[in-house]
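Novice: fold the following.
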Amino acid sequence: MRADAQAVQAVVVPARQPERDVLPLFVQRWSPRAFRPEPVPRAVLESMVEAARWAPSSINLQPWRFHITTTGATRRLWDSAVGERNRTWSDQAGALVWVVARTAFGPNPFHPPETPNRHALFDTGMAAIQFVLEGERRGVRSHFLGGVDYQAAREMLGLAPDEEVVCAIVVGYPADPAALPEPLRLREAPSGRKPAAEISRFA
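Specialist: Down below sits the predicted model:
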């Protein structure tokens, strides 16, 4: 395990104190913006994909796809579909990932192939968090991006009509927040969460 992984696991701040005993990885995950301009090794990214592969899936359709690049012309092209404000920091990260969901059932034994799969986005979200958490285990941080040009991304990726861009994820090794512009530097800290009582109801 890299020293970075040990550093990531050591992050504990007052805003991240759980109310009950849970796996520390859930609490220690957060979304930084300061990344080193160092490509994430292919082997690490493949392990992240492997973790995503085992996510739960309605009738085992596994509707998610991860489009991944690190450097070169493809990375520069894919970066162009990220919003300008995000690019002030996201271009530095070691990898850019587009998360795509197939929103129709496709070939399956239970429904006509063109039937909308209402579980596709939910399933893809579960795969995406498993992708990210495996990266955390390996010292790699991730930041989900909604501030992207979805139409440009789907054209770049050559998606089928029943495929939808869900989000982008920037992935990389953490850097000194001092490298960020001042407004972002001030926000570079793990955020808290609503109390469990606010998001749950026991009957």
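
Novice: pLDDT on the longest strand along the chain, on average?
Specialist: In the chain, with assignment by DSSP state E, the single longest strand is strand 163-172. In this model, strand 163-172 has a mean pLDDT of 98.

Novice: and that strand, what does it pack onto?
Specialist: If you count contacts as 3 or more C-beta pairs under 8 Å, 6 or more residues apart in numbering; DSSP states H and E, strand 163-172 packs onto strand 95-102, helix 120-137, strand 141-145, helix 150-157. For glycine as for every other residue, the C-beta is placed from the backbone atoms N, C-alpha and C.

Novice: closest to Asp79 out of these?
Specialist: strand 95-102 (6.4 Å; C-beta to C-beta).

Novice: which outside residues touch that closest one?
Specialist: The contact list for strand 95-102 (C-beta atoms under 8 Å, 6 or more residues apart in numbering) reads 39-40, 45, 61, 63-70, 75, 78-79, 82, 90, 117, 120-121, 123-124, 128, 131, 153, 157, 159-160, 162-172.

Novice: now swap in stretch 123-138 and tell me
Specialist: Identification of contacts with stretch 123-138 by C-beta under 8 Å, 6+ apart yields 1-2, 5, 8, 25-26, 28-29, 40, 44, 47-58, 61-64, 66, 97, 99-101, 141-142, 144, 166-167, 169, 171.

Novice: now do stretch 46-53
Specialist: By C-beta under 8 Å, 6+ apart, stretch 46-53 touches 62, 64, 66, 68, 127-128, 130-135, 138, 140, 171.

Novice: residue contacts, Val44?
Specialist: 135, 138, 140.

Novice: between these, which is nearest Phe202?
Specialist: Among these, and counting by C-beta to C-beta, the member closest to Phe202 is Gly135, at 33.0 Å.

Novice: picking up where we left off before, and which of the contacts of Val44 is nearest to Glu198?
Specialist: Gly135 (28.7 Å).

Novice: tell me which helix or strand comes right after the longest strand of the chain.
Specialist: helix 182-185 (DSSP states H and E).

Novice: what's that following helix in contact with?
Specialist: Contacts of helix 182-185 (C-beta under 8 Å, 6+ apart): 33, 88-89, 177-178.

Novice: quick one: low-confidence parts of this structure?
Specialist: Along the chain, segments meeting pLDDT under 70 span 1-13.

Novice: switch to 80 and redo it
Specialist: Where the chain drops to pLDDT under 80, the residues are 1-14.
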